[in-house]
Structures are given as C-alpha cells and as structure tokens.
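1. Sequence and predicted model, in that order:
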Amino acid sequence: MFLESPIRQSAVGREQRFAVSNCSSHLLVVLTLTVAAWSQPDSAPLPLLTHADQIRQLSPEEAARGYPVQIRGVVTDDVPAPDFFVQDASAGIYVEGRLSPQFTHHFGDLVEVEGVTGPGKFAPVIKELKVRVLGKGTLPPTRIYPFSELAGGQQDSQWVGVRGIVRAVSIDRTSWHETVLAVTVASGGGRFTVRVPIQREEDFSSWIDSEVLIEGVCGSLFNTQRQLIGVLFYVPDLHLIKVEMQAKEVPFSSLMRFSPGKGPQHRVRVQGVVAYQQPGRALFLQENGQGLRVMTLQDTRLAMGDVVEVSGFPAVGTSAPVLEDAVFHRVGPGMTPKPVTLDLSVPWEQYDGALVVTDANLLQVETQPDGQHLLLQQDDQIFEATLEPRGPLDHLPTSRVNSTLRITGICLVSNGGLWSVPQSFRILLRSPQDVTVLHAPPWWNLRRALWLLGIMGGVLVFVLVWMVLLGRKLREQMVIIREKLQHGAVLEERNRIARELHDTLEQELAGITLQLDLAVDCFRQAPPVAFRALDTARKMSRHSMVEARRSVWDLRCDLLEQGDLPSALRRIVSPLEPSGDARIDVNVSGMPVRLPGKIEMSLLRIGQEAVANAIKHGHASQIQIELQYTADKVILRVSDDGQGFSPEQSNSAGHFGMLDMRERAEAIGSHLQIDSAPGRGTHITVDVHSEHQSISNDESKTHTHSSRG
C-alpha cells in the first residue's frame, strides 16, 4: 500500500519491544477521541467506525476528518515497523504506527486497534492510538487471484495469493532495518516485486525460473499524486512462498520457436563460447557459427574463448531471440571463435549477435563520448562500426578516407517496417586489432586537389581585396594632401591680406581719429549740431579702426585651428576680463561637436562682442557665457548684470556692435535674440542647427577665416 518506509527495526530485536503503559495509553486514547469528536463544535460528533471496509469506503477528504476507529482483526504483516497491516472479517487495512517503534503485536496476533482515520498516501488508513493484543489469531482464507485483478489497486492491503515465475532474486540490506529477500515475479503478462524478511542470508538463485505460489499482503507503489505505479507484495514469512518447478537446457536454434499449448516462457539453459563481453550489460556467445545476445547484469570478467553456461529467459530481440535476466558461470577455457564471413546477399538476421568479418571502404571517422565511429561502405550498403572506449590505449589505427579496411566484430541487425524485416546493421568492435588496413588511397586525390584549388582561390581573392583597399587608401591620402595644399594657400593669402590691411587701412583710420579728436578740441565753442556731427564722426572712425583690427584678427586668428569653439571662447574673453570684482564664467554643456569654420567663427565673434559690450557699456560685474550642445542645436547665451538698455534703441547710430552681431547671426541662418531693459542687465542668445553640419576636426581647421556670406 505504500513505498518502503525508511523507519525500520531489526527482526532480531522484535521480541524485545516493550508495551506502553495501559494507563497512559488509555488516557491518550480518551483525549484524542474527544478532540476528534468535538473539534467541530457546530457539527454533530463523527460516528465510531468498527469495520475495515467502512474506512476503505471513505474519500481522502472524509478520511482526513479523523473518524474514531475501533476494530478487531489479525495482524497480516508487521514489517516495516512501526507500521503494520490488520484484517478483520470485512477487509484488510493499513495502520500507521506511532513514532515509537515499541509494540507487542506481531504477525498472526489478534489485536484490537483504536485510533482515527487518515487519508493515507494511496488509500485511507488508520492512525494508531492504542493496540491491545487479545491472543493468537487465525489468518483469513487465502484467495488466489490472477495478477490482472491485483494490478488495478483494488486489492490494496488485502491478504491474497498469486502464482508466477521467479525472474530475479537478491538480498536487500538497505531498504528496511530488517534484511529481506527481494524477488521479482512475472505473472499474467505483468511483473511485481516481493519483500520477505529473512533470519539468515542464503543462495536463492535456484529459485530463478521456478513457478511459485505466494501468499501475503498486496501492497501498492504510488507517486505523489496518489496514482498507482506498481504492486509490492509483503510476505511476512519465507514459508509462505512455495517453489514448484525447475529448468532445461536447449540449443540456440530452438529459442522462441512455435510450440502449441505452451504457457509462459520459462528460463532456459544454453552453453556457448564467449565472443565478446560488455561487463554488467551483455554477453555474446557463439555456437556452430550462430550467435546469441545475452542480457545480464552480472559483471564477472570472462576471456574470449571461455566456455560458459547461461540461464535466462527467452525474449524477442531486434532481429533474433535474446536471453534476458540471465546469469552465467564459466565452465572452462576453449578455443577463440572464428568469425563468419558477412555475406549481404543472404538474409541478415542469421548474423545477429554473431562474430563476423568483412571488407569495406572507409567513408568517415568520428570520435564521440561513447567511442570511435567508422562509417563504412560495402557495395551499395553503408553501415557503421563502433569501438567502445575501455582504456586510454583503445584507439583505432589512423586511416585515411577511402582506405580499404578489414573489419571483425559482433554484428547487430535492426528490423523495421510492417513485417519487421532487416533494414540495417552495425558492427561492434572488440578491440583496435579488429580493424586492419588492406589498402591506403593515393596521396594525390580529388579531395586534396579541391583543397589546393580552394587555397589558391582564397589567395587570389585576398590579393584582389588588398588591391581594392590599397586604392581606396591612396585616394583618401590624395584628398588629405589636396586639402593641406588648399589650407596652405589659404593661410598664405590670409597673411598677405592681413599685412596689407595693417600697413594701409589701420594706419589711415588712426590718422583720421587723431585729426577728428583735434577738431573736437578746437571747436568746443561751436554750435551743438556741429559738435554732435563731429562726435559721431569720431565714433565711426574709432569703429572703423576696431573693425580693421578685428578683420586682421579674423584673418590671422589661429584659436580655432589649435582647439575647438569652447576653448577658443575661453581664451578670447580672458583678456577682456577687467581687474577688480568683475568676473567672466564660461560653461559648456552637452557633447561638443565641430561645426563649419564659418559658423564657429561667427559664434566666437558674437560672444566676444557681447562680452566687450557688457564690460564697456554695461559696466557689468558678472558675465555668464553658456555654450550648450544638444542633439540638433548649438546655443550660445551671454548674460550680464550690467546697466542694460532698451532693445528698440540698439539700431540707432553708434550701436555698431549690435548691428555686427545681428549680421553675423543672419549670415549663419540664425536670429539674434536680445532681452534687456535699463537696470536689468542684458541676455543675448543665438542658436544654430547642428544637424547635418558637424564636420571632422581637420576640416574645421581648414576654414577658420572670417566671412559674412
């Protein structure tokens, strides 16, 4: 009814368990039953159940409510402790014992069990609270069931009998505290396991293939979803397994042949010569040129040529009969079996499991975790040969593709299709010596010719690509040289014009300024109109001189050539900062990008003029220059805390600086914004779209001459 419990107790110590105090047990029972009956004060007390079949009829949800139970029955199995099975006149039931494994009831005792119901892990159970031994009981009559009626789980926890054939036996020392005999039994097209406590270990291998009658408790194996996954028989004593039959020796050729009226397949004994062994998995035998595959977990080492006797159960293989659940023992040494020549013109199934030899051409070699694989071809048939790794030296001899090899090994045939006819085969190599190179292909072949052609083609492609890249590089160098020549010509022309302006226009304007200053000083007594005209002429003359100097500076300025716009702004306004408390701050935000020289020069001159006006005319003490780079714009903002002015008067005579800044802003496609008022300082802003205008650093240095478009 349950998976084997990890809580176990030795069978030898079972007689030393002590009874729990009657007084304490009685008090515990009364308290528990009272709690179970009155745990739901709003509902009626749960009824007392006195028969096992009443408990088995409960659903898991109902059983979980904890119905009080008091039944009398005989203990049908008391292993593994502290749980046990009890059966009354109505049915058998599983009892979950208390945590303490101390109890006085054993197999065959008549007991009175008091407790509460529980859902169990597969079927409802009794949770023991108190057990009282009334004496020796009588086991219920044993009813023999076909296994098909036991496989559904309806006979869970019931005392039953079943017939079957023993397929395997072993000693289990770990599942329970008690040492038990583990038996695998085939019955009615199915299999189940049996656990029997034993007092001493013996050799039970003679039971294999025997027909047996088993009496015991039918238990269930299940998963966590309460679903049946197998049957486990709990047999309380070894004498309840009755062995009834023994086996016979047969030749390979008689396995799995038609026999009218034949019952279940019994174990058979065969004798043969070892052709190959996979320890713990399979054994391949030879007899009169015929092979047999034996499936066995026995890992006793054998040598090729040993004569062995094998006992196992005949079963249908992929192409020929095999023996399953087999055991073997060595009879003595023998002659190494000779391989049979593989003839693909005859039915292949006669070679299944046999040692064969054949010649084939090598198509491919692969090394995988499960061994080395050779892909071979014989005539029109392609097959595989595999060498399983058993040691570090187990490697096949190096062979080139298209070599002719002689292959010796175990032939394994696979069937398919509706009529299950042989469709393919593979050869299991026993050692590297099973492969012999008969003929190696010539060194110069089509594959190597194609490789050489591919290498030459690759070299040619590389040369062509290199020539294309070299031509592109040469063109780029020519562009750079051309730009440098143009840049040198521009610089030479710029210096020549600067010298001419300095030697002519600036000297002449300086002379005019001196003459006008002298005229003003001489005619101070003249009428006011003449004074204003002369004063205006003096301002215009001074502005012309300043413009001449700025033109010379524009032509010869190298600030933008040596750095970017932010650094040029800092350097050009630094000399304008007057002594005292006046301060000029330059702040840059965003990621600076290079713009065409015309735009950067105009922004530089606008910033210079705005700072000069703030110091000279506004008498500002704090000037803030902000240069902001955004994704699509470059914004120049100059703010001061000076005297300010009325923007409407900025176009009047004498305000040539404002006019110059407006013209420069319009020349670069922008608009000069002026925010000022008397006593509120001045804020000048100009922005330029930078999208599709950013250029390289070298290009910006080539066009740093002044221009207004």
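-> Great, that's in hand. Numbers count the residues shown, from 1 in each chain.

2. for this structure, which helix is longest?
-> helix 446-503 (DSSP state H).

3. Packing partners of it?
-> helix 528-556, helix 697-702 (3 or more CB pairs under 8 Å, 6 or more residues apart in numbering; DSSP states H and E). In this view, the C-beta of every residue, glycine as well, is placed from N, C-alpha and C.

4. residues of stretch 589-599 that come out buried?
-> 594-599 (16 or more other CB atoms under 10 Å).

5. can you check stretch 626-637 too?
-> Residues of stretch 626-637 classed as buried: 627, 629, 634-637 (neighbour count, 16+ other CB under 10 Å).

6. could I get these as TSV with pLDDT and distance to Q378?
-> Formatted as TSV, the buried residues of stretch 626-637 follow (pLDDT from 0 to 100; distance: CB to CB, whole Å):
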residue	pLDDT	distance to Q378
L627	92	84
Y629	90	77
V634	92	80
I635	92	84
L636	92	87
R637	94	89
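
7. What's the first helix or strand after the helix-or-strand element of the chain with minimal mean pLDDT?
-> Every helix and strand of the chain was ranked by mean pLDDT, DSSP states H and E. The lowest is helix 22-38, at a mean of 44. Later in the chain than helix 22-38, the nearest helix or strand by DSSP states H and E is helix 52-56.

8. For the helix or strand just after that following helix, give me every contacting residue.
-> Tracing the chain C-terminally past helix 52-56 and defining elements by DSSP H and E, one meets helix 60-63 next. Applying CB atoms under 8 Å, 6 or more residues apart in numbering, the contact partners of helix 60-63 are 55, 117-120, 124-125, 226.

9. Mind checking which of those are buried?
-> The neighbour-count test (16+ other CB under 10 Å) marks 55, 117-120, 124-125 as buried among the contacts of helix 60-63.

10. how about those, which pair is most distant?
-> With CB to CB as the measure, no two of the buried ones among the contacts of helix 60-63 lie farther apart than I55 and P119, at 10.9 Å.

11. shared neighbours, those two?
-> Both I55 and P119 are in contact with 63, 125, where contact means CB under 8 Å, 6+ apart.

12. that older thread, from the buried residues of stretch 589-599, which land in helices?
-> Using DSSP H, the members of the buried residues of stretch 589-599 that fall within helices are 597-599.

13. and the helices and strands packed on helix 446-503, which one is worst for confidence?
-> Looking over these, mean pLDDT reaches its minimum on helix 697-702, with a mean of 53.

14. How about stretch 408-416, which residues are buried there?
-> For stretch 408-416, burial by neighbour count (16+ other CB under 10 Å) applies to 408-413, 415.

15. between those, which is nearest R301?
-> Minimum distance to R301 across the buried residues of stretch 408-416 is 17.6 Å, recorded for I410 (CB to CB).

16. wait, isn't the closest one in contact with D352?
-> No: contact criterion CB atoms under 8 Å: I410 and D352 do not qualify, at 9.3 Å.

17. got any residues that touch both of those two?
-> Contact criterion CB under 8 Å, 6+ apart; residues shared by I410 and D352: G291.

18. thinking again about what came up before, of the contacts of helix 60-63, which belong to strands?
-> Among the contacts of helix 60-63, the ones falling in strands (DSSP state E) are 117-118, 125.
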